[in-house]
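J.: Based on what follows, work out the 3D shape:
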Amino acid sequence: MNQKILIIEDDEQDQKIMKRVLISSGFHEILFSNKGEAGIELAKTEKPDLVIIDTILPGMSGFDVCQRITDGAISPKPKMIVMTGFIDAVDAVRARKCGADDYCAKTSDFKSLVEAIKNCLNQ
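T.: All right, here's what the predicted structure looks like:
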């Protein structure tokens, strides 16, 4: 699979696990940003096929990052998944309003994230 994936996630341990899980799932072009603003700039320059955004980031929420990418005229607009480690914080309506294509809970095995990635990239 040659799709480029940008993950905006501030937890280094989660970054390492996600990278390992995604590589074992056949995704090899993976970029990371640990801050929202830097992730937005990386999305503009790298033009990923998919952006995965954690809801809790330093400086701005993942929902704000998603909205800024949606509004930022990145062409073509990447698919976006909003991800949260707090089950109560999953706000599907808010994620969709911000331009997300999907949302998922962050689990220790990241299986739901891999499924969401495959669904988004196969649409």
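J.: Spatially central residue in the chain, please.
T.: Ile52 (0.5 Å; CA atoms, centre = their mean).
J.: That residue and Ser108: what is the separation?
T.: According to CB to CB, to the nearest Å, Ile52 and Ser108 sit 16 Å apart. Where C-beta positions appear, they are placed from N, C-alpha and C, glycine not excepted.
J.: worst-scoring helix or strand of this protein, pLDDT-wise?
T.: helix 92-97 (a mean of 83; mean pLDDT, DSSP states H and E).
J.: got a list of contacts for it?
T.: Applying CB atoms under 8 Å, 6 or more residues apart in numbering, the contact partners of helix 92-97 are 63, 66, 82, 102-103.
J.: among the residues you listed, which two are most distant?
T.: Phe63 and Asp102 (13.9 Å; CB to CB).
J.: tell me which element Met83 is part of?
T.: Here Met83 sits within strand 79-84, counting by DSSP states H and E.
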